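**Student:** From the sequence below, what's the structure:
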Amino acid sequence: MKALRWHGVKDLRLEEIEEPSVRESEVKIKVEWCGICGSDLHEYTAGPIFIPTETPHPLSGDKAPVTLGHEFSGRVVEVGKNVTTVNVGDRVVVEPIYACGECEGCKQGKYNLCDKMGFYGLAGGGGGFSEYASIPVEMIHKIPETVSFEQGALVEPAAVALHSVRQSKFKVGDKAAVFGVGPIGLLVIEALKASGASEIYAVDLSPQRLQKAKDLGAIVINPKEVDPIEHIHKLTNGGVEVAYEVTGVSPVLTQAIKSTRIGGETMIVSIFEKEASLHPQNIVMKERTVNGIIGYRNVFPAVISLMAQGYFSAEDLVTKRITLNEVIEEGFEGLLRERDQVKILVQAK
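**Tutor:** Below is the predicted model:
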């Protein structure tokens, strides 16, 4: 079968590999759609970040080259002999977190903070940029007929967004700002809407992405036109309760912090390739807090339920659909060339 394999920085190869077999506690799926994540792009341009290269990952047992893709949906074609909760023909999505179940994070139920945490499709095991994938059954979630396979490919990034809102101090009726409205930023806007935000401010340089944010109901701000900090403070009479940083860019982190009111909070949702500098006085003098999240935990069922109600629509977020044969040039290189792209989905055929 065809699979997209990461061999090194700027070295992705669409290769023919053996179709995976299914082990006793695994589920084999025919992949339908897989999204290109910002993390995938970071691995392409500046990795390895999550990909093991020197020694095998302690839970997957794999190291580079690995098959990429962790935002995907598909239909079950085979189940292992120990699997009782999933059947052939089921429509499913994958929650791609490896966790040991034994460390302090796992004992607290915070499996995304596992000492050995890794992502299926980054840390090995297989990946969604392939025709078939065999996945540990604990990673599998069923989706109803009312949720399309395309929407299914958005469950994973939408889970990041919903987890970021749930972990923040945000309350119903609060005002929020989202700095960076790529795919995750737009999904954060949707999560804030579902959580009862009174006002949502979206900050980005891309007119196309700002239009998407506006279509979702956000008040948009282009830093080329106005100072986003001053503008937010003016419109909110003192700043937002919570700001979400979704760019991975150091100066934007400072902007997000300064956009919040006294006692406000900034959530770091993005992955930073490099260290970020900030002045502690921007936190101290207003008694602000800065928090962060990695991945998600225990939110996939809620995301799937919200999708069935119309939230996180693929039509609102997907800007390009391609096939596996086009994934390098039109997908990864396309995202680098076409900065206005939002979410690219890859069909596994």
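**Student:** part of a strand, is Ala191?
**Tutor:** No: secondary structure of Ala191 (DSSP: H, G, I helix; E, B strand; the rest coil): helix, not part of a strand.
**Student:** Surely it touches Val160?
**Tutor:** No: Ala191 is beyond contact range of Val160, at 9.2 Å (criterion: CB atoms under 8 Å). The C-beta positions use only the backbone N, C-alpha and C, and glycine is treated the same way.
**Student:** Who is the spatially closest residue to Pro301 that is not a sequence neighbour paired with across the strands?
**Tutor:** Leaving aside its sequence neighbours, Pro301 sits nearest to His141 (CB to CB, 6 or more residues apart in numbering; 7.0 Å). Taking DSSP bridges as the rule, His141 bridges to Val93.
**Student:** Ala159 versus His141, what's the distance?
**Tutor:** His141 sits 10 Å away from Ala159, going by CB to CB, to the nearest Å.
**Student:** and these two? which has more neighbours close in?
**Tutor:** Ala159 (29 against 18; other CB atoms under 10 Å).
**Student:** Packing partners of the helix or strand containing the more buried one?
**Tutor:** Assigned by DSSP states H and E, Ala159 belongs to helix 155-167. The helices and strands touching helix 155-167, judged by 3 or more CB pairs under 8 Å, 6 or more residues apart in numbering; DSSP states H and E, are strand 71-79, strand 91-94, helix 183-194, helix 300-308.
**Student:** got a markdown table for these, with mean neighbour count and distance to Glu43 too?
**Tutor:** Below are the helices and strands packed on helix 155-167 laid out as a markdown table (neighbours: other CB atoms under 10 Å; distance: least, CB to CB, whole Å):
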| stretch | mean neighbour count | distance to Glu43 |
| --- | --- | --- |
| strand 71-79 | 23 | 14 |
| strand 91-94 | 26 | 18 |
| helix 183-194 | 26 | 16 |
| helix 300-308 | 19 | 23 |
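**Student:** Tabulate these (a markdown table), appending distance to Thr45 and mean pLDDT.
**Tutor:** What follows is the helices and strands packed on helix 155-167, written out as a markdown table (distance: least, CB to CB, whole Å; pLDDT from 0 to 100):
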| stretch | distance to Thr45 | mean pLDDT |
| --- | --- | --- |
| strand 71-79 | 18 | 98 |
| strand 91-94 | 24 | 98 |
| helix 183-194 | 16 | 96 |
| helix 300-308 | 28 | 97 |
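**Student:** Next, format these as TSV and append distance to Pro20.
**Tutor:** Shown next, in TSV, are the helices and strands packed on helix 155-167 (distance: least, CB to CB, whole Å):
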stretch	distance to Pro20
strand 71-79	10
strand 91-94	14
helix 183-194	28
helix 300-308	23
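**Student:** All the strands of the stretch 151-300 of the chain, residue numbers only.
**Tutor:** With DSSP state E, counting those that start in this stretch, the ranges of strands along the stretch 151-300 of the chain come out as 175-179, 199-203, 219-221, 240-245, 260-268, 289-292.
**Student:** need the helix or strand of the chain with the lowest average pLDDT.
**Tutor:** The weakest-scoring helix or strand in the chain, judged by mean pLDDT, DSSP states H and E, is helix 314-317 (a mean of 89).
**Student:** residues in contact with that one?
**Tutor:** By CB atoms under 8 Å, 6 or more residues apart in numbering, the residues outside helix 314-317 that reach it are 148, 150-151, 153-154, 183, 186-187, 190, 212, 215-216, 342-343, 345.
**Student:** One more pass at 7 Å, please.
**Tutor:** Residues from elsewhere that reach helix 314-317 (CB atoms under 7 Å, 6 or more residues apart in numbering): 148, 150-151, 154, 183, 186, 212, 215-216, 342-343.
**Student:** Give me the buried positions along it.
**Tutor:** 314, 316-317 (16 or more other CB atoms under 10 Å).
**Student:** Just after that helix, pick out the following helix or strand.
**Tutor:** Downstream of helix 314-317, the next assigned helix or strand under DSSP H and E is strand 318-323.
**Student:** Please tell me how far Ile229 sits from Met267.
**Tutor:** As judged by CB to CB, Ile229 and Met267 stand 17 Å apart.
**Student:** neighbour count winner among these two?
**Tutor:** Taking other CB under 10 Å, Ile229 and Met267 do not tie; Met267 has more neighbours (26 against 20).
**Student:** For the more buried one, list the residues it contacts.
**Tutor:** 164, 168, 242, 244-245, 291-293.
**Student:** let's see 8 Å
**Tutor:** By CB under 8 Å, 6+ apart, the neighbours of Met267 are 164, 167-168, 242-245, 291-293.
**Student:** Kindly report the same for Ser168.
**Tutor:** 242, 244, 265, 267, 291.
**Student:** Looking at it now. What's its pLDDT?
**Tutor:** In the prediction, the pLDDT value recorded for Ser168 is 98.
**Student:** hmm, back to that, please indicate which of the contacts of Met267 are buried?
**Tutor:** Counted by 16+ other CB under 10 Å, these give 164, 167-168, 242-245, 293 as buried.
**Student:** Closest one of those to Lys10?
**Tutor:** Nearest to Lys10 out of the buried ones among the contacts of Met267 is Glu245 (CB to CB; 26.6 Å).
**Student:** any idea which of the strands of the stretch 151-300 of the chain is most buried?
**Tutor:** Stretch with highest mean neighbour count among those: strand 175-179 (a mean of 29; mean count of other CB atoms under 10 Å).
**Student:** Note down every partner strand of that strand and its orientation.
**Tutor:** Sheet pairing of strand 175-179 (DSSP bridges) gives strand 199-203 (parallel), strand 240-245 (parallel).
**Student:** Good, wrapping up.
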